[in-house]
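Q: Build me a structure from this.
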Amino acid sequence: MSHFASAGVIGAGAWGTALAQVCARAGLSVVIQAREPEVVASVNGLHENSLFLPGVALEAEIRATHDAADLADCDLILAVAPAQHLRSSLRAFAHHARDGVPVLLCAKGIEQGSLKLMTQVLAETIPHAAPAVLSGPSFAAEVARGLPTAVTLACPDALLGLALAQAIATPVFKPYLAQDMIGAEAGGAVKNVLAIACGIVEGRGLGRSAHAALITRGFSELTRLAVALGGEAQTVAGLCGLGDLVLTCSSPQSRNMSVGLALGKGMSLQEALSGKLSVAEGVASAPAVRALAEKLGVETPICQAVDDILNGTVAVDAAIGALLSRPIRAE
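A: Modelled structure (predicted):
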């Protein structure tokens with residue numbers, strides 16, 4: 001069994017910082033790479049990420065750097081840069097990456113333009129890395145504070161997956177193992193788009209019944225797309241799909257849902273996003289999810305409606321009306 005003593009975290013947003021906490025509590029020494037000099041100063045000087053996760057005391061074993069070279073000797077890497085920035089972050093680390101270094105992909109999304117999943121981006125930027133995916137229902141602030149959380153850790157190499165899970169598990173952070181990385185990734189990417197839809201329903205005051213229907217029909221879209229990509233329905237029925245969808249669609253604390261709430265209340269996208277430091281991945285993933293679904297011939301009416309609303313081609317009420325007037329068919 002591989003023994004991991006140190007972890008490098010690429011990306012010091014709220015989720016990267018929370019995962020650094022998890023690794024430190026699991027007994028690993030942790031280096032977190034931040035783009036912002038003030039984050040490096042805050043983590044190293046105050047043991048706090050005052051920009052992205054204020055008020056949470058960080059473990060003493062975490063140190064921050066702005067230089068990817070400082071992660072070269074780490075036993076495992078967690079890539080937590082936002083999905084649309086993952087390629088450039090991995091490229092910067094690529095020539096420091098050892099052969100076979102495990103890279104745990106923790107960003108949820110589909111790359112715009114290329115329509116690639118994060119595992120594909122990793123394969124193109126650091127082909128000599130050993131890939132794995134971490135995804136599941138997890139709010140950064142809760143994880144960082146040590147509240148109980150369960151996630152999916154998907155790795156095609158079952159032994160490596162087990163070793164990674166054992167390396168980062170704590171009494172309150174429990175990874176469940178899978179081998180289907182595509183399913184794990186598809187679940188995480190699509191649920192962010194659906195969370196915007198749930199926020200819109202909430203913001204418009206359409207009620208709990210509509211909210212439940214949206215989660216259920218949205219889950220059908222998520223499953224269809226995952227399977228068309230080569231993933232398994234069984235994977236997305238777990239924490240990385242259904243679990244994540246339920247969390248993100250049920251709490252205004254979710255960045256994606258809060259954007260939808262604002263849109264549902266009549267704000268413009270610009271107003272909905274203003275003042276937010278953290279990225280709402282669903283906004284960037286919506287056009288990519290839609291384009292990928294169209295390319296694969298998968299019906300995703302809810303994701304399409306969200307994309308229409310976000311790009312301003314259809315007003316909120318018209319998009320809701322179009323969804324409600326869809327022809328009757330078998331479930």
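Q: So residue 176 sits against residue 152, correct?
A: Yes - assessed by Cβ atoms under 8 Å, residue 176 is found in contact with residue 152 at 5.6 Å. Bear in mind the C-beta positions are built from the backbone N, C-alpha and C, glycine included.
Q: Show me the strands in the stretch 151-300 of the chain, by range?
A: 173-178 (DSSP state E, counting those that start in this stretch).
Q: Do a quick rundown of the helices in it.
A: 158-168, 181-203, 208-229, 233-236, 244-248, 255-264, 269-273, 281-296 (DSSP state H, counting those that start in this stretch).
Q: from those, which stretch is densest packed?
A: Highest mean neighbour count of those: helix 181-203, a mean of 29 (counted as mean count of other Cβ atoms under 10 Å).
Q: quick one, it and strand 173-178 angle?
A: 120 degrees (axes from the mean of the first three to the mean of the last three Cα atoms, to 10 degrees).
Q: What average pLDDT does helix 181-203 get?
A: For helix 181-203, mean pLDDT is 96.
Q: repeat for stretch 314-331
A: Mean predicted lDDT for stretch 314-331 stands at 91.
Q: which neighbours do residue 176 and residue 152 share?
A: Shared contacts of residue 176 and residue 152 (Cβ atoms under 8 Å, 6 or more residues apart in numbering): 238, 239.
Q: Quick check on the two: which one has the bigger neighbour count.
A: residue 152 (27 against 15; other Cβ atoms under 10 Å).
Q: gap between the more buried one and residue 123?
A: Residue 152 sits 20 Å away from residue 123, going by Cβ to Cβ, to the nearest Å.
Q: cool, and residue 197?
A: Counting by Cβ to Cβ - residue 197 and residue 123 are separated by 31 Å.
Q: Repeat that for residue 141.
A: For residue 141 relative to residue 123 (Cβ to Cβ), the value is 32 Å.
Q: Need the three-state assignment for residue 121.
A: Assigned with DSSP: H, G, I helix; E, B strand; the rest coil, residue 121 falls in the helix class.
Q: Pull the number of nearby residues for it.
A: Residue 121 has 24 nearby residues by other Cβ under 10 Å.
Q: in terms of contact, does it touch residue 87 like I think?
A: Yes - contact status for residue 121 versus residue 87: in contact at 5.0 Å, counting by Cβ under 8 Å.
Q: what sits in contact with each of these two?
A: Common neighbours of residue 121 and residue 87 (Cβ under 8 Å, 6+ apart) are residue 111.
Q: I'd assumed residue 32 was in a strand, is it?
A: Yes - using three-state DSSP, the secondary structure at residue 32 is a strand.
Q: what separates it from residue 75, distance-wise?
A: 15 Å.
Q: Next one: residue 309 from residue 260, what distance?
A: Taking Cβ to Cβ, one finds residue 309 at 9 Å from residue 260.
Q: Mutual contacts of the two, please.
A: Going by Cβ under 8 Å, 6+ apart, residues that sit against residue 309 and also against residue 260 are residue 200.
Q: if we can go back for a sec, quick one: which of residue 141 and residue 123 has more around it?
A: Comparing residue 141 with residue 123 by other Cβ under 10 Å, the one with more neighbours is residue 141, at 16 against 13.
Q: need the contact list for that one.
A: Counting by Cβ under 8 Å, 6+ apart, residue 141 has contacts 14, 18, 53, 56, 253.
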